[in-house]
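Student: pasting the sequence and the predicted coordinates here, then a few questions.
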Amino acid sequence: MAKIHYLQHVPFETLSAIEAWGLKSGHIFTSTKLFQNQPLPSIRNMDAVIILGGPMGVHDDKLFPWLVEEKLWIEQVLKQGKPVLGICLGSQILASVLGSKVYKNSHKEIGWFPVTWKPEAKNISCFKELDSPFTVFQWHGDTFDIPNGAIHLATSDGCQNQAFLYQEKVLALQFHMEATPESVRILADECENELVDGQSYIQNKNQIINTTQYYSAIHHSMENCLNYLFSN
């Protein structure tokens, strides 16, 4: 049993399928809702951390002043060697804290798109059995450089750097394998203004919501990643 603390940036991006895994596995979740200006807790009181997504960017400190404290707090978490999972914005924050550049990608990538696993990913237990390409749910406009010392795990046609693993304990995923039909519908409602027609890597709202055949596979992969990070 692990005490896992998660950082939530907006009301509509939640643990989603991760919550069901935690309940099944007997883990305990606590949270900081940064959008409510809740204070960050002592790092001593947790075993691991999950950093969720959000529509803001890593460099939006003036719009969201809590980002400054969050990044400093995550830096301390990493120094203590605790396992960390970063999803979407969370992955970009991890890249930034680890000294890499985070910047606008050439394309926004929104919808169900395949990623291709790098050969190095097949050496990691939670990725070795996955199909390649592997279709995942994407919603991001920024990207990152792979930090020094990290393993580049995945790429896609729309975004070269999709995931990395750092020191076997820090996993960054641009994509949302925690997504559920409900969370996807809510995100499509909340961020519908980003669904611009005629873009190569932006699907329309109906296509995003009505694509349901990939949930089983992404949830299985998400559970494998969570067990790899938090159950060893």
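Tutor: Happy to help now that I have it.
Student: longest helix in this protein, please.
Tutor: Ordering each helix of the chain by length in residues (DSSP state H) puts helix 215-230 first.
Student: and that one, what other elements does it pack with?
Tutor: helix 17-25, strand 84-87, strand 134-144, strand 170-173 (3 or more Cβ pairs under 8 Å, 6 or more residues apart in numbering; DSSP states H and E). Placement of C-beta: from N, CA and C, glycine included.
Student: list of residues touching that helix?
Tutor: Contact with helix 215-230 is made by 2, 4, 17-18, 21, 25, 27, 47-48, 83-85, 124-127, 130-131, 134-137, 169, 171, 173, 176-181, as judged by Cβ atoms under 8 Å, 6 or more residues apart in numbering.
Student: what comes up buried for that helix?
Tutor: Tyr215, Ile218, His219, Ser221, Met222, Glu223, Asn224, Cys225, Leu226, Tyr228, Leu229, Phe230 (16 or more other Cβ atoms under 10 Å).
Student: average pLDDT across stretch 210-225?
Tutor: Summarised as a single mean, pLDDT over stretch 210-225 is 97.
Student: need the CA coordinates for it. PDB is fine.
Tutor: Extracted in PDB, the C-alpha atoms of stretch 210-225 (Å, rounded to 0.1, in the frame of the first residue of the first chain):
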ATOM      1  CA  ASN A 210     -17.500   8.600 -30.200                       C
ATOM      2  CA  THR A 211     -14.200   6.800 -30.400                       C
ATOM      3  CA  THR A 212     -14.500   4.100 -27.700                       C
ATOM      4  CA  GLN A 213     -12.500   1.100 -28.900                       C
ATOM      5  CA  TYR A 214      -9.200   2.000 -27.300                       C
ATOM      6  CA  TYR A 215     -10.200   2.400 -23.700                       C
ATOM      7  CA  SER A 216      -9.600  -1.100 -22.600                       C
ATOM      8  CA  ALA A 217      -6.000  -1.100 -24.100                       C
ATOM      9  CA  ILE A 218      -5.000   2.300 -22.600                       C
ATOM     10  CA  HIS A 219      -6.400   1.400 -19.200                       C
ATOM     11  CA  HIS A 220      -4.500  -1.900 -19.200                       C
ATOM     12  CA  SER A 221      -1.300   0.000 -20.100                       C
ATOM     13  CA  MET A 222      -1.900   2.700 -17.500                       C
ATOM     14  CA  GLU A 223      -2.300   0.000 -14.800                       C
ATOM     15  CA  ASN A 224       1.000  -1.600 -15.900                       C
ATOM     16  CA  CYS A 225       2.700   1.800 -15.700                       C
END
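Student: can you name the element that comes right after the helix or strand of the chain with the lowest mean pLDDT?
Tutor: Across the helices and strands of the chain, mean pLDDT, DSSP states H and E gives its lowest value to helix 17-25, namely a mean of 94. Tracing the chain past helix 17-25, the next element assigned as helix or strand by DSSP states H and E is strand 28-33.
Student: in its sheet, what does that following strand sit against?
Tutor: Paired neighbours of strand 28-33 in the sheet (DSSP bridges): strand 3-8 (parallel).
Student: re the thing from before, what's the angle between the least confident helix or strand of the chain and strand 3-8?
Tutor: 170 degrees (axes from the mean of the first three to the mean of the last three Cα atoms, to 10 degrees).
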